[in-house]
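> turn this into a model:
(one chain, ligands or ions: 2)
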Amino acid sequence: MSKPSPCWYCFKKKQLKVSIAVNCDNDIFITVEQALIRMTQAIQPRLQVEEIPLEQALGRILAETIRSPINVPAYDNSAMDGYALNLSNAAAQSRFDVVSQILAGKPDDTQLKEGQCARIMTGGKIPQGCDAVVMQENTNIVTDDVIELTTNVAHGANIRRSGDDIRLGDTVLESARSLTPIDIGCLASLGLQTVKVYQKITIGLFTTGDELAQPGAPLLPGQIYDSNRPMLKALLAKAGFNIVDLGAIDDELEKITQALDFLAHRCDAIITCGGVSVGVADYTGQAFASLAEIDFWKVAMKPGKPFAFGRLKKDSRCVYFFGLPGNPVSAAVTYELLAQPMLKYLSGVDQGQRTHLKLPTEQAIKKRPGRKDFQRGVLVKDSNGVPMAVVPFAKQSSGVLSELSQADCLIVLEKERGAVAKGEHVLVMPLTKANL
Ligand SMILES: Nc1nc2c(c(=O)[nH]1)N[C@H]1C(S)=C(S)[C@@H](COP(=O)(O)OP(=O)(O)OC[C@H]3O[C@@H](n4cnc5c(N)ncnc54)[C@H](O)[C@@H]3O)O[C@H]1N2
Ligand code: MOO
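Ligands and ions are numbered 1, 2, ... in the order given. Okay, here's the model as predicted:
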């Protein structure tokens, strides 16, 4: 029988000739919050700037604060199809002579005088002498050249003033923002054709395990399909990172060490999956500990306890290492809650708080104090789609990926709390299309 390997954190400590904890669980078990703080302190964002066409900027991180070079709209224009009126004598009259027609994109030099109006289309430039626009539904056509108002029209009605949307010099977007389709629309409204963004970061990826078969290959006895690598690759691609994928690597210390070293030369960060626990074939942690500085490797969360983070100095820069646990739900949840926010931070994004809800649970929830739980569940919504309650899934095993795919939320249960009674309010983190 093979001898159980020591915990690889202790293995590293032994190498460094510092005191070795026999049972190291307690001294390195940190909270989710501490993990995030420690990673943020350790990570130096990569802020190399490049200028790219606006049309390629979706999801890229803005590297400049955008101030408007123009007023938007650039000129006063009509909000309605109707008539641009000179209201100087409006109290005395409701009939107006139609003296011209103004279409969007076809301004003219009409100067309206008392009692005159111009036919105008939505977006048409407001002519001189115009005080208001009346929508055509509120007029009667008296003759080809004369209209009559059927309602009162206030001064300024239906005129969109120059700068109503954005004024010259206004701050439109702050730097460090991940550009959305709407942001791209706003930047286009300023006439910008290119935009300065941070260069994409490159993430190295591999999974480990002798039991892993690749989708498409027959499943031999003792094998499972490598679900985590395609899943993590998709998550990384969705976040817009460049990826170097080394595939699945056997449980061999040397191969894993070589793979880490290869990626360290080419990547800003490395994500591995599997082999970070304490089993005899859990070599990822050992491989990393032999090359680099491990910051922590156990987080008080469920799923996701054996999550490792560290740094490796390469060519005068740091490469960051995120060792995700092999259980598929643990891999997905630790990626989402720990690795992904840090990769975004590394790539220059200023991230806001995630939205949380407080909802009653429709079923009692099992929980033991000691780890912060992220249990999978579904939201119960009213007929308007407003969340009213949450239902936890019965199976909360970190091997059950299909339930995470059905879940639309994570139920967040604080570390020290125990079981939750039916009807009690719990913190819920919705999973939107923007994340998992
Ligand atoms: N004695 C202890 N054993 C375990 C502990 C512990 O604290 N003490 N922690 C458990 C927890 S919690 C987790 S999570 C796992 C994580 O272990 P590893 O990161 O070392 O992962 P593996 O052992 O390689 O795999 C765990 C599990 O997941 C399956 N797996 C691995 N990679 C993939 C993949 N790419 N696609 C699909 N499934 C994968 C693997 O076959 C195992 O079943 O450790 C516990 N053990
Ligand atoms: O951290 Mo593990 O995720 O409880 O299976």
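> hey, let's count contacts and neighbours off CA atoms from now on
Noted.
> interface residues of this protein facing ligand 1?
Within the chain, the positions near ligand 1 by Cα under 6 Å from any ligand atom are 207, 209, 225-229, 274-278, 282, 304-306, 325-328, 330.
> sort out for me which of those residues are in helices.
Taking DSSP state H, the ones among those that sit in helices are 228-229, 328, 330.
> you'd agree Cys186 is in a helix?
Yes - assessed by DSSP: H, G, I helix; E, B strand; the rest coil, Cys186 belongs to a helix.
> the helices in the stretch 251-400 of the chain, which residues?
For the stretch 251-400 of the chain, the helices defined by DSSP state H, counting those that start in this stretch cover 253-266, 284-291, 328-334, 340-346.
> tell me which of the ones you listed is the most buried.
helix 328-334 (a mean of 26; mean count of other Cα atoms under 10 Å).
> can you show me the CA trace of that helix as PDB?
Extracted in PDB, the C-alpha atoms of helix 328-334 (Å, rounded to 0.1, in the frame of the first residue of the first chain):
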ATOM      1  CA  PRO A 328     -17.100  19.900 -10.900                       C
ATOM      2  CA  VAL A 329     -19.400  22.100  -8.800                       C
ATOM      3  CA  SER A 330     -16.500  23.100  -6.600                       C
ATOM      4  CA  ALA A 331     -14.500  24.000  -9.700                       C
ATOM      5  CA  ALA A 332     -17.400  26.200 -11.100                       C
ATOM      6  CA  VAL A 333     -18.200  27.900  -7.800                       C
ATOM      7  CA  THR A 334     -14.600  28.700  -6.900                       C
END
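> give me the next element, helix or strand, following the helix or strand of the chain with the lowest mean pLDDT.
Within the chain, no helix or strand scores below helix 25-28, which has a mean of 48 by mean pLDDT, DSSP states H and E. Note on helix 25-28: by DSSP states H and E, the next helix or strand toward the C-terminus is strand 29-30.
> in the stretch 101-250 of the chain, where is pLDDT below threshold?
By pLDDT under 70, the stretch 101-250 of the chain contains no weakly predicted segment.
> ok, the closest residue to ligand 2 within it - contacts?
Ligand 2 sits closest to Asn228 of the stretch 101-250 of the chain, with a gap of 13.4 Å, by Cα to the nearest ligand atom. Asn228 is in contact with 207, 273, 326, 328, 331-332, counting by Cα atoms under 8 Å, 6 or more residues apart in numbering.
> equivalent analysis for Gly59, please.
With Cα under 8 Å, 6+ apart, Gly59 has these contacts: 178-180, 239-240.
> mind running it again at 6 Å?
Residues counted as contacts of Gly59 (Cα atoms under 6 Å, 6 or more residues apart in numbering) are 178-179.
> what of the one 3 residues further on?
Listed by Cα under 6 Å, 6+ apart, the contact partners of Leu62 are 175-177, 197.
> nearest spatial neighbour of it, skipping sequence neighbours?
Distances taken as Cα to Cα, 6 or more residues apart in numbering place Val197 nearest to Leu62, at 4.5 Å, with adjacent residues excluded.
> shouldn't that neighbour be in contact with Thr65?
No - look at Val197 against Thr65 with Cα atoms under 6 Å: they stay out of range, at 10.5 Å.
> with that, I have no additional questions.
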